[in-house]
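Novice: Mind looking at a prediction? Sequence and model below.
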Amino acid sequence: MSLAIINGSPRGKKSNSKILIEHFLAGYRSQSNHENISVSYLIKSDQQKEHLASFSGSTNVILIFPLYTDCMPGMVKAFFEQIILLKEKPQNLGFIVQSGFPEAIHSVYVERYLQKLTLRLGCNYLGTVIKGGVEGIQVMPDSMTRKVFSKFRELGAHFAQHGEFSPAMVKQLKSPLRMSKLQQTGYRLVSLTGLTNFYWNSNLRKNGAWEKRFDKPYA
Amino acid sequence: MNLTILNGGPTEADGSFALYCSTLSEKLGQTHTLQHFMLDKMETKQCIGCWNCWWKTPGICTLVDDAEQALHAVVHTDLLIFASPITAGFTSSTLKTFQDRLVSLLHPYIQLVKGECHHRKRYDKYPDFALLLQKEPNTDAEDIEIITDIYKRLAVNFHTSLKYVWFTETTKMEDISHELSHN
């Protein structure tokens, strides 16, 4: 049995996807020490052959990527166009889709595509883990990331034990699918304080671009 | 009417998709102002999520390649046509790679739209969307539904709507021309 993690984030080793995978693998390794594990980064385009070999030569493949314009990044689509041509496929294929939006609803549309793609490839579909609210995890205090990292470790531990994504954990990570009316009201109230845009505003100020934030350069 | 075609297909002269697009482009160009971007002849780098276009040079992507002219056209067009043969069940990576660069046309701030978080507008107006697809041999109705649903979501994020879905196999160019002239 072997596990290949394929990171489809254009940010590569600086990605939030990498951080989530580190926690997943920490959980995985806590329950398994006898399997081959490989981690590859699709952004390293000079390693294309290795990526394909890793995909086709592993029992389990988990592909993680950030949601880009409501779907997979272009470079991940390019990878799909290559793997569809391969003769050797992994036995099991699963996905982790993370996004900056707090709700999971944005990613459920690409989930349908991923399921269909897996069917087309002839692999067993392990499912798609969806996690919103991930942008900013690299600057958030520990108190804000502790729970999500812990869930990814649990996800990894369960995967090592059972060869599947824990249905309970998938459900928890996918929550909220949509904001409740109460959450929407809360969001509107908090947005009045400017807190919802804190991440963007602090970087705009740091870069001296605050005054230009509403620019329309192509108008 | 201003029309922009983002052509994510292979552009070799004898390809059926390329032929359909070039003929359509010529036909529509007779009555509309049209720009046809053949993406596989342009250098378009993958968006790397650096957010420079949101927090360093607002509205401008700092990757240096051929994308800027097409991004400028998107802002000024009335209808944006995403044209692509379906490959591996979705529009091509060539088109998707360009599509990823569209984020520079939005604002990083989030607002609630129908109870969901979406980016607010950077520009006052965004074009209607259209899809021009060529099926692959195993394309089925579910594939088309998956693709159109994803482009409908993209349209929501761009404060617009997916107005037309055309197929090179079944949609007559005369019908497209008629639809656009009676818009």
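Specialist: Cool, the structure landed.
Novice: Can you tell me the centre-most residue of chain B?
Specialist: residue B:82 (3.2 Å; CA atoms, centre = their mean).
Novice: Assign that one to helix, strand or coil.
Specialist: strand (DSSP: H, G, I helix; E, B strand; the rest coil).
Novice: Could you check the pLDDT of residue B:182?
Specialist: The score at residue B:182 is 84. That number is its pLDDT.
Novice: how far away is it from residue B:175?
Specialist: Here the distance between residue B:182 and residue B:175 works out to 11 Å (CB to CB, to the nearest Å). No exception for glycine: its C-beta is placed from N, CA and C like everyone else's.
Novice: quick revisit: residues contacting the residue nearest to the centre of chain B?
Specialist: Residue B:82 makes contact with B:6, B:8, B:91, B:95, B:99, B:129, B:130, B:131, B:132, B:151, according to CB atoms under 8 Å, 6 or more residues apart in numbering or on different chains.
Novice: any idea which of those residues is closest to residue A:198?
Specialist: residue B:99 (28.4 Å; CB to CB).
Novice: how about the closest residue to that closest one other than its chain neighbours, what does it touch?
Specialist: Leaving aside its sequence neighbours, residue B:99 sits nearest to residue A:69 (CB to CB, 6 or more residues apart in numbering or on different chains; 5.1 Å). By CB under 8 Å, 6+ apart, the residues touching residue A:69 are B:96, B:99, B:100, B:102, B:103, B:154, B:157.
Novice: Number of residues surrounding whichever residue of chain A sits closest to chain B?
Specialist: Closest to chain B within chain A is residue A:74: 2.9 Å, counting by CB to the nearest CB. Neighbourhood size, residue A:74 [other CB atoms under 10 Å in any protein chain shown]: 27.
Novice: Distance check, it against residue A:42.
Specialist: 11 Å.
Novice: In chain B, which residue sits nearest chain A?
Specialist: Counting by CB to the nearest CB, chain B gets nearest chain A through residue B:97, at 2.9 Å.
Novice: Can you read off the pLDDT for that residue?
Specialist: 98.
Novice: tell me which element the closest residue to residue A:166 other than its chain neighbours falls in.
Specialist: Excluding the flanking residues, the one nearest residue A:166 by CB to CB, 6+ apart is residue A:158, at 3.8 Å. Using DSSP states H and E, the element containing residue A:158 is helix A:142-162.
Novice: and what of residue A:5?
Specialist: With DSSP H and E as the criterion, residue A:5 is inside strand A:2-7.
Novice: With residue B:34 instead?
Specialist: Assigned by DSSP H and E, residue B:34 falls in strand B:33-38.
Novice: roughly how far is the least confident helix or strand in chain A by mean pLDDT from the heart of the chain?
Specialist: Least confident helix or strand, chain A: helix A:181-192 with a mean of 92, by mean pLDDT, DSSP states H and E. Relative to its chain's centre, helix A:181-192 lies at 26 Å (CA atoms, centre = their mean, to the nearest Å).
Novice: Please consider this matter closed, and thank you.
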